[in-house]
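K.L.:
I'll drop the sequence and a predicted model, then ask my questions.
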Amino acid sequence: MRRARQIYYDGFSAMYDRFVAMHSGDSQRRVREFLADLLPVVHGGAVLDLCTGTGSLLPYLAQRVGPSGRVAALDFSRGMLRQGRRKTKDRCNLLLVQGDAENLPFAAGSFAAVTCSHAFYELKGETREQALREIGRVLAPGGIFFMMEHDLPERPLVRLLFYLRLAVAGAGRVRGFLRQERALLERHFSRVEKVLSPTGRSKVMLCQK
Ligand SMILES: C[S@@+](CC[C@H](N)C(=O)[O-])C[C@H]1O[C@@H](n2cnc3c(N)ncnc32)[C@H](O)[C@@H]1O
């Protein structure tokens, strides 16, 4: 199943950004800026973007940490990372790594913040638990995990494509996660807060270590 999802994302990678633009209209840029603006990270800090996909969040994160800071990005799809590298090739403080969310190749306490945009709900139960443990491990004391997810699209065609993606991820499992996400996050973090994006289409769960 994991391999199937990797193949799915490798194949989907070339049209992924166009699909997201269709899904979100003009709002996507604002949503990413909104997430980056929530970060308490100052110039010189370090941030990890988990399940980075085509790296759309990375330019905003790089701006937040400045040229002396560090942004790491991880994804298990080679295709998605290829698109991400193409988009961010001129930035020197970015490191894109192929890897799995449940086994992060970073030292404990490395990051002031970990972000994960529109991806966490796809992880399977045990993978998700292990990924949360790993996020807690790589966060510095007091560090924050920012989990951003979106609501259902209104346009029928886009909604159909969204359901198709949910089917690949396992629709029942996703619904289960959306119902229980706060309780799950509270098991791993000392403080959990929900913030709605200005568009109302996405939410960010702020989870403090
Ligand atoms: C819906 S995309 C979101 C991409 C990006 N964060 C964004 O906001 O556009 C989900 C991403 O999660 C990645 N992914 C899914 N499961 C993963 C895992 N176990 N480890 C690493 N990456 C994973 C997929 O390859 C895909 O790029």
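P.N.:
It's in. Numbers count the residues shown, from 1 in each chain.
K.L.:
Phi first, then psi, for residue 128.
P.N.:
Backbone torsions of residue 128, given as degrees, to the nearest 10, read phi -60, psi -50.
K.L.:
now swap in residue 184 and tell me
P.N.:
Dihedral pair for residue 184: phi -60, psi -50, per degrees, to the nearest 10.
K.L.:
Check the offset of the lowest-mean-pLDDT helix or strand in the chain from the chain's centre.
P.N.:
Every helix and strand of the chain was ranked by mean pLDDT, DSSP states H and E. The lowest is helix 156-169, at a mean of 73. Offset of helix 156-169 from its chain centre (C-alpha atoms, centre = their mean, to the nearest Å): 18 Å.
K.L.:
now the angle between helix 156-169 and whichever strand or helix holds residue 17, please.
P.N.:
Per DSSP states H and E, residue 17 falls inside helix 2-24. With axes from the mean of the first three to the mean of the last three C-alpha atoms, to 10 degrees defining the directions, helix 2-24 sits at 160 degrees from helix 156-169.
K.L.:
Does helix 2-24 reach the ligand?
P.N.:
Yes: Helix 2-24 reaches the ligand (C-beta under 6 Å from any ligand atom) through 9, 20. To be clear about C-beta, it is placed using only N, CA and C from the backbone, and glycine gets the same treatment.
K.L.:
List the buried residues in that helix.
P.N.:
By neighbour count on 16 or more other C-beta atoms under 10 Å, the buried set for helix 2-24 is 5, 6, 9, 10, 12, 13, 16, 17, 23, 24.
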